[in-house]
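Chemist: Quick one: sequence and predicted model below, then my questions.
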Amino acid sequence: MSEDKNSYAQYFEHNSVIVGVLSLFCGFLFTSITILLTSLQDKTGTFAQAILLFLTLIFYFSLYVLLDNLEMAFHYIENIPPLTLKIRPFFNLLLIFYLFGTSTVLLFLLFGLEYLATISAALWAIIVVLSINSTAKRFYKQSVKRYWKKPST
């Protein structure tokens, strides 16, 4: 490997492929859930709700892994711009992910599937707690650990 090339360049290339595929997969799952909700004749059937719950669970885990992969790169980059490691922009990103996951619960409520909405809300709450305990804490420790000197003016 050449001296100029970052030793983590292949990791970042691979991670960007993973993030792209997971983003596409999350969009596919969300679209599938929406199409099934709008096109199913009997949404209250046990089999239909089981399929919707299964797709929703895969969607939640995909969002969790996607957010975790987006955060993982911060551990391997030495010269991160100071604004990137600020806590507020990352937590805004977390909030967007959490609201995106909550949208499935709202879709179920919109179509009158209260039990499915309750179960998926409980599952999403578990995923959010896991995400905060792993990804958010890891990012917070990483951002506090680094010391950023203010540029001299």
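Modeler: Structure received.

Chemist: Could you pull up the residues touching Arg98?
Modeler: Just to correct that, residue 98 is Tyr rather than Arg. 128, 131 (CB atoms under 8 Å, 6 or more residues apart in numbering). Using the backbone N, CA and C atoms, a C-beta is placed for each residue, glycine as well.

Chemist: ok, now Ser134?
Modeler: By CB under 8 Å, 6+ apart, the contact set of Ser134 is Asp68.

Chemist: Check Ser39 too.
Modeler: Taking CB under 8 Å, 6+ apart as the definition, Ser39 has no contacts.

Chemist: Quick check: it vs Tyr98, distance?
Modeler: 28 Å (CB to CB, to the nearest Å).

Chemist: so is Gln41 in a helix, a strand, or just coil?
Modeler: coil (DSSP: H, G, I helix; E, B strand; the rest coil).

Chemist: Quick one: neighbours of it, just the number.
Modeler: 6 (other CB atoms under 10 Å).

Chemist: before we move on, what about Leu109?
Modeler: Leu109: 15 neighbours (other CB under 10 Å).

Chemist: I'd assumed Thr118 was in contact with it.
Modeler: No - assessed by CB atoms under 8 Å, Leu109 is found out of contact with Thr118, at 9.4 Å.

Chemist: And Tyr115, how far from Val19?
Modeler: Tyr115 is 34 Å from Val19, by CB to CB.

Chemist: Show me which of these two is the more surrounded one.
Modeler: Neighbours per residue (other CB under 10 Å) separate Tyr115 from Val19, with Val19 holding more: 17 against 11.

Chemist: so what's the more buried one closest to, chain neighbours aside?
Modeler: Leaving aside its sequence neighbours, Val19 sits nearest to Asn69 (CB to CB, 6 or more residues apart in numbering; 5.3 Å).

Chemist: In this model Leu22 seems to touch the one you found, though I could be wrong.
Modeler: Yes - Asn69 is in contact with Leu22 according to CB under 8 Å; the separation is 6.7 Å.

Chemist: which one of those two has more residues nearby?
Modeler: Leu22 (19 against 16).
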